[in-house]
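> One predicted model, sequence on top.
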Amino acid sequence: MSLDFVNTVGWRLAEYPSEYLRSYGDLLDWGREAGLLALEEAEGLFRRAMLDPEGARETLSRALALREALHRMISGAIAGESQNESDLSALNRELSIALSHLRVVAADGACSWGWDRSGDDGEARLDSPLWPVAQSAAELLTSERLGRVKVCAGKGCGWVFLDESRNSSRRWCDSRDCGNRERVRRHLARKRTSGS
Ligand SMILES: [Zn+2]
């Protein structure tokens, strides 16, 4: 899920990258799609953001800072480079906020991990969508799965993905998208060189 979050920039390596997180509402939409927020949670946060636009802006800028730090950390890990101290601090700051809201909750006779989303005033905290992202990023960065993270081979794409194929042969973020485009490009190039 932290990779999906890093991928909220499209065409990162192209001339004109697309920013998908342009507002706090976009962050909530992403949280809905990623399965982090139930509809009523997202609606509650949206109402809260309307009452606290400053807080919503601040949360969005924290989200973007976290995303860029994660992108640099993951790219650095793929390239075998050592991690940048300020990126580590940025992640650890968010992680420490996140973990202070992590709880063991009981439902139907079983215990599981959950988040206490309410702040001191009992209202949902605007930054709560960032908590599971920080937690999942920390888990990925410290796990063996990190060795399976790749950057899409599609020209300009820049999306990262977890290659879970048995022989680690996956090259594109999504074969229906970048892979197809790449196959079409090669097909056209072959046609041009063969003159047909
Ligand atoms: Zn791609």
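Looks like it arrived, so ask away.

> Excluding residues flanking it in the chain, which one is nearest residue 135?
Nearest residue to residue 135, sequence neighbours excluded (Cβ to Cβ, 6 or more residues apart in numbering): residue 98, at 5.4 Å. Heads up, the C-betas are built off the backbone N, CA and C, glycines and all.

> Now for the one you found, how many residues are close by?
By other Cβ atoms under 10 Å, the residues close to residue 98 number 21.

> And it, what's its pLDDT?
Per-residue confidence (pLDDT) for residue 98: 97.

> Assumed it was part of a helix.
Yes - according to DSSP: H, G, I helix; E, B strand; the rest coil, residue 98 belongs to a helix.

> wait, doesn't it sit right on residue 129?
No - with contact defined as Cβ atoms under 8 Å, residue 98 does not count as touching residue 129 (10.5 Å).

> so residue 41 sits right up against residue 117, yeah?
Yes - counting by Cβ under 8 Å, residue 41 touches residue 117, with 7.2 Å between them.

> what does stretch 35-55 rub up against?
Residues from elsewhere that reach stretch 35-55 (Cβ atoms under 8 Å, 6 or more residues apart in numbering): 1, 24-25, 28-29, 31-32, 56, 117, 123-124, 126, 128-129, 132-133.

> Which among those count as buried?
Neighbour counting with 16 or more other Cβ atoms under 10 Å marks 24-25, 28-29, 31-32, 56, 117, 124, 126, 128-129, 132-133 as buried within those.

> Which one of those residues is nearest to residue 7?
Closest to residue 7 out of the buried ones among the contacts of stretch 35-55 is residue 133 (12.0 Å), distances taken as Cβ to Cβ.

> can you redo the buried ones among the contacts of stretch 35-55 as a markdown table with secondary structure?
Below are these laid out as a markdown table (three-state DSSP):
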| residue | secondary structure |
| --- | --- |
| 24 | helix |
| 25 | helix |
| 28 | helix |
| 29 | helix |
| 31 | helix |
| 32 | helix |
| 56 | helix |
| 117 | coil |
| 124 | strand |
| 126 | coil |
| 128 | coil |
| 129 | coil |
| 132 | helix |
| 133 | helix |
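
> what ranges do the strands span in the protein?
9-10, 18-19, 102-107, 110-115, 149-151, 160-162 (DSSP state E).

> Neighbours of residue 42, how many?
If we define neighbours as other Cβ under 10 Å, then residue 42 has 19 of them.

> what does the one 10 residues further on give?
Burial measure for residue 52: 15 neighbouring residues, criterion other Cβ under 10 Å.

> residues from this structure in reach of the ion?
152, 154, 157, 159, 173, 178 (Cβ under 5 Å from the ion).

> Was I right to think the fourth one contacts residue 173?
Yes - checked against Cβ under 8 Å, the pair residue 159 and residue 173 is within contact range at 3.9 Å.

> can you list residues touching both of the two?
Common neighbours of residue 159 and residue 173 (criterion: Cβ under 8 Å, 6+ apart): 7, 152.
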